[in-house]
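J.: Generate a structure from the sequence data that follows.
(chains A and B)
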Amino acid sequence: MDDIVTPAPRWVVVTTGLLALIGLGISVYLTITHFQPHLLACSTHGFVNCGVVTTSAQSRFLGIPVAFLGVAQYLAMTALCSPWAWRASNRLVHLARLALAVVGMCFVLWLITAEFLIIKNLCEWCTGVHIVTFAMFICVVLTVPTMLGWGEVD
Amino acid sequence: MMPSNTKKPAAAPSKRTAPRKNLKGGSRRNPTLIAWISIGVVVAVIATVVLVKTLGSSTSTPHAGDGVLTSQTIYKQVTTIPASVYDTVGISSPAIAVTPPTVKTGQPPLTATVNGKTYPEGFYWGAEFCPYCAATRWSIIAALSRFGTFDKLYNMYSSSTDYAPNTPTFSFYRTAYVSPYLVFKTFEVEGPVNNGVILQKTPPKEQATVAKYNPNGDFPFINLGNETFVIGAPWDPINLAGLSRSEIASSLSDPTSVTTQAIVALANYLSAGICSMTKGDPGSVCQSSGVQAAAKALKLTF
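T.: Below is the predicted model:
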């Protein structure tokens, strides 16, 4: 499915690559602390309380720890946001990146809702991942559709 | 891999640099606008959630613990009683009689699975209005803080129209406890008024043990692993009459204080029950002389 694809701006390539690595790092940390809660370094008093969030019922999705899903998401994102992937001529690579960014953002919205309205506690590490995901979402949705030439007519 | 073309970067979408596939009907959509709308939707959803949370907090059903977080000073005084006080007091409370918990051996262990790992489970079952719960909570918080952390505490007073009115205490409602050794749950099943209105539902598993070991439904009820039980008042809350929360908390570093002796003696009993659940972990708590004295009295080994 090779096709003509407009190259992404350099700042997008650099920014998304860094964001993906940061997201991956935090996700790996949260996965480790999911099984070793005492390793979690964060506030344990008041509204901001990682321990409550990471051990809540909402810390699993369809039986899978959310932290695992985060690692999977950011492993894929790290690959899709590499300079090579950004330069790929295959449109599917860019569609996959866009789809993953949108799915990730939707999932983050669910997690924020769960934190605020169900668990009633906030996890700062999770919030870090949420911010990274939002920033990634902005970069990708502002870039990929234009790269693929959507909206243009002959 | 090299790029398939050498066009300008995507940041300049208005300048066409290569032939594009035609869209249906030749309509023209601005992808940048759609992207900004998507971002706006995300921001709007997040803002709505935060707004709902903020408004919900200010309009929820009032109860005595609402909005009155325990001060850091008192929180620290209750949750970090010096080890020397635990060991000096042991289970000795000559001025205020403390009823030891009941131990039942051979029961099926109470456990909880968190993130795929099974932990021994204990729970508190009481009510905000209950004066006996009010006195007992001091010891529960002290004991459990040796094994883990309560995320926060809310200031509470027992019912003003019940026995030992307005006993200063804390509410477990809207609090959470985390420990690497055990799962401890708290259920304030009724609020500050003794009117039968349920504040927190008791899940079926815990309700079954309440029915089995506390058939009269006495408050408070503490079940530590289906082995060590507190059923009803372990000590008389009237002994806290006239004392402020701050006075009780600040005296917890003084092993000669009669209220401290009652609170700490019960905390050592509870600690021994918990150590039996955790099989002696952590050793720094379970091998301390105060806990060992309680374990000996309860005939618990770990």
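J.: following the helix or strand of chain A with the lowest mean pLDDT, which helix or strand comes up?
T.: When the helices and strands of chain A are scored by mean pLDDT, DSSP states H and E, helix A:50-54 comes last with a mean of 72. Using DSSP states H and E, the helix or strand that follows helix A:50-54 towards the C-terminus is strand A:60-61.
J.: ok, that next one: who's next to it in the sheet?
T.: Here strand A:60-61 is paired, per DSSP bridges, with strand A:64-65 (antiparallel).
J.: Need the mean per-residue confidence for the strand it pairs with.
T.: The average pLDDT within strand A:64-65 is 86.
J.: Whatever helix or strand comes next after that strand near chain B at all?
T.: Of the helices and strands lying after strand A:64-65 in sequence (DSSP H and E), the nearest is helix A:66-80. No. For helix A:66-80, no contact with chain B is found by Cβ under 8 Å from any Cβ of the partner chain; the gap never falls below 9.4 Å. Using the backbone N, CA and C atoms, a C-beta is placed for each residue, glycine as well.
J.: low pLDDT regions in the chain?
T.: Picking chain A for this. Applying pLDDT under 70 to chain A flags residues A:1-4, A:36-38, A:43-46, A:49, A:51-52, A:55-57, A:151-154.
J.: Chain B was what I was after
T.: Low-confidence segments of chain B (pLDDT under 70): B:1-29, B:56-67.
J.: Could you pull out the strands in it for me?
T.: B:102-103, B:111-114, B:117-127, B:149-150, B:154-157, B:168-171, B:177-178, B:183-190, B:221-224, B:228-231 (DSSP state E).
J.: who touches the residue most central in space within chain A in this structure?
T.: Here the mean C-alpha position of chain A is nearest to the C-alpha of A:T133 (Cα atoms, centre = their mean), at a distance of 3.8 Å. Listed by Cβ atoms under 8 Å, 6 or more residues apart in numbering or on different chains, the contact set of A:T133 reads A:G23, A:A101, A:G104, A:M105, A:V108.
J.: change it to 7 Å
T.: A:G23, A:G104, A:M105, A:V108 (Cβ atoms under 7 Å, 6 or more residues apart in numbering or on different chains).
J.: can you tell me how far the first one sits from chain B?
T.: Shown here: A:G23 relative to chain B, a distance of 16 Å by Cβ to the nearest Cβ, to the nearest Å.
J.: ok so that residue is a helix residue?
T.: Yes. Per DSSP: H, G, I helix; E, B strand; the rest coil, A:G23 lies within a helix segment.
J.: Please give the number of neighbouring residues around it.
T.: 27 (other Cβ atoms under 10 Å in any protein chain shown).
J.: residues in contact with B:K104?
T.: Counting by Cβ under 7 Å, 6+ apart, B:K104 has contacts B:E227, B:F229.
J.: quick one: it from B:T228, how far?
T.: 8 Å (Cβ to Cβ, to the nearest Å).
J.: again with A:L62
T.: 37 Å.
J.: neighbour-wise, which of those two wins?
T.: A direct count of neighbours by other Cβ under 10 Å for A:L62 and B:T228 places B:T228 higher, at 25 against 5.
J.: Any idea what that one is bridged to?
T.: Judged by DSSP bridges, the bridge partners of B:T228 are B:V103, B:L224.
J.: wait, it sits on B:P101?
T.: Yes. B:T228 is within contact range of B:P101, at 4.9 Å (criterion: Cβ atoms under 7 Å).
J.: Contacts only, for B:S160.
T.: B:N166.
J.: same thing but at 10 Å, please
T.: With contact set as Cβ atoms under 10 Å, 6 or more residues apart in numbering or on different chains, B:S160 has these partners: B:A64, B:F129, B:N166, B:T167, B:P192, B:V193.
J.: same question, A:I131
T.: Residues near A:I131 by Cβ under 10 Å, 6+ apart: A:L19, A:I22, A:G23, A:I26, A:V108.
J.: tell me which element the first one falls in.
T.: Looking back up the chat, that one is A:L19. Secondary structure from DSSP H and E places A:L19 in helix A:10-35.
J.: Remind me what that helix packs against, helices and strands.
T.: Other helices and strands packing on helix A:10-35, by 3 or more Cβ pairs under 10 Å, 6 or more residues apart in numbering or on different chains; DSSP states H and E, are helix A:50-54, strand A:64-65, helix A:66-80, helix A:83-86, helix A:91-113, helix A:124-147.
J.: list the buried ones in it?
T.: For helix A:10-35, the neighbour count (16 or more other Cβ atoms under 10 Å in any protein chain shown) marks A:12-13, A:15-17, A:19-20, A:22-24, A:26-27, A:29-31, A:33-34 as buried.
J.: okay, the angle between it and helix A:91-113?
T.: Per axes from the mean of the first three to the mean of the last three Cα atoms, to 10 degrees, the angle that helix A:10-35 makes with helix A:91-113 is 50 degrees.
J.: show me the contacts for the residue lying closest to B:D254 once chain neighbours are set aside.
T.: Nearest-residue entry for B:D254: B:T260, 5.7 Å, with adjacent residues in sequence omitted and distances by Cβ to Cβ, 6 or more residues apart in numbering or on different chains. Residues in contact with B:T260 (Cβ under 10 Å, 6+ apart) are B:81, B:85, B:88-89, B:93, B:96, B:138, B:142, B:248-254, B:267.
J.: Check the residues you listed for burial and list the buried ones.
T.: Among the contacts of B:T260, those classed as buried by 16+ other Cβ under 10 Å are B:81, B:85, B:88-89, B:93, B:96, B:138, B:142, B:248-249, B:251-252, B:267.
J.: Let me know the closest of these to A:A114.
T.: Looking at these and their distance to A:A114, the nearest is B:A142, at 32.1 Å (Cβ to Cβ).
J.: Please verify my assumption that that closest one contacts B:A267.
T.: Yes. Using Cβ atoms under 10 Å, B:A142 is in contact with B:A267, at 4.1 Å.
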